[in-house]
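Engineer: Just to be clear, the model below is a prediction. Sequence and coordinates:
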Amino acid sequence: MKKNTTRSSPFHDTLRASACILVIILTGFLIISPVSAHPPSDMVLSYNGITKDLQVTITHQVPNPQEHYIREVAVSINGKAVNTSTYTRQPAPDTFTYTYPVAVLPGDDIEVVAQCSQAGSISRNLSVAPTASPSPAAIPGTQKAAAGLAPLLGAAALVLLIKK
């Protein structure tokens with residue numbers, strides 16, 4: 001009986017090892033890539049009724065804001081799109097604020113959706129509270145009049161007349 005003494009050549013061993021290393025590297029990229037792409041972690045909305053501005057503060061922590069950033073911010077009022085802004089970078093690597101001029105009425109519902117350039121999005125809603133009528137003291141340019149000296153003198157005279 002003859003034994004099979006076929007041995008693989010050093011070339012085949014190197015090729016096999018290179019293929020294994022390549023498969024490991026590609027698998028690593030496939031696993032790591034989705035981990036680095038993530039949606040924004042937080043978004044806070046505030047509306048300034050005096051300046052009629054909507055401030056959208058977004059938290060999206062990224063190592064490189066030129067490559068991984070908030071690509072689009074869409075603003076809707078009562079379900080109707082009023083502003084869609086597209087960006088090619090993020091102004092800061094963590095938290096930043098965009099300001100949008102929007103006119104809303106008390107009771108309107110504002111919805112904002114921020115879309116990541118790589119994966120995911122975040123949305124928030126803000127209902128605009130009805131505004132109360134301001135008191136006269138709160139209106140710029142008005143003030144309460146001082147009591148003055150005449151009512152004080154009148155009260156003193158009344159006290160003197162009652163004592164007599």
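Structural biologist: It's in.
Engineer: Tell me the buried residues in stretch 110-123?
Structural biologist: Of the residues in stretch 110-123, those buried by neighbour count under the rule 16 or more other CB atoms under 10 Å are 110, 111, 112, 113, 114, 115, 116, 117, 118, 121, 122. Just so you know, the C-beta spots here come from the backbone N, C-alpha and C atoms, and that holds for glycine as well.
Engineer: which residues touch it?
Structural biologist: 34, 36-43, 45, 47, 54, 56, 58, 60, 67-77, 79, 102, 104, 124-128 (CB atoms under 8 Å, 6 or more residues apart in numbering).
Engineer: Mark which of the residues you listed are buried, thanks.
Structural biologist: Neighbour-count burial (16+ other CB under 10 Å) applied to those gives 40, 43, 47, 54, 56, 58, 60, 68-71, 73-77, 102, 104, 126, 128.
Engineer: Now, these that are in helices?
Structural biologist: Judged by DSSP state H, helices contain none of these.
Engineer: which one of the buried residues of stretch 110-123 sits closest to residue 16?
Structural biologist: Comparing the buried residues of stretch 110-123 against residue 16 with CB to CB places residue 118 closest, at 35.1 Å.
Engineer: Give me the pLDDT for the residue lying closest to residue 69 once chain neighbours are set aside.
Structural biologist: Ranked by CB to CB, 6 or more residues apart in numbering and with sequence neighbours excluded, the top spatial neighbour of residue 69 is residue 90, at 3.6 Å. At residue 90 the predicted local confidence, pLDDT, stands at 95.
Engineer: As PDB, could you dump the C-alpha coordinates of stretch 86-97?
Structural biologist: Once side chains and other backbone atoms are set aside, the C-alpha atoms of stretch 86-97 remain, and they are given as PDB (Å, rounded to 0.1, in the frame of the first residue of the first chain):
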ATOM      1  CA  THR A  86     -29.600  70.200   4.000                       C
ATOM      2  CA  TYR A  87     -26.100  70.300   5.400                       C
ATOM      3  CA  THR A  88     -22.700  68.900   4.300                       C
ATOM      4  CA  ARG A  89     -21.100  69.000   7.700                       C
ATOM      5  CA  GLN A  90     -21.900  69.500  11.400                       C
ATOM      6  CA  PRO A  91     -20.900  72.700  13.200                       C
ATOM      7  CA  ALA A  92     -19.600  70.800  16.300                       C
ATOM      8  CA  PRO A  93     -18.600  67.300  17.100                       C
ATOM      9  CA  ASP A  94     -21.200  67.000  19.900                       C
ATOM     10  CA  THR A  95     -24.000  69.500  20.600                       C
ATOM     11  CA  PHE A  96     -25.000  72.400  18.400                       C
ATOM     12  CA  THR A  97     -28.100  74.600  17.700                       C
END
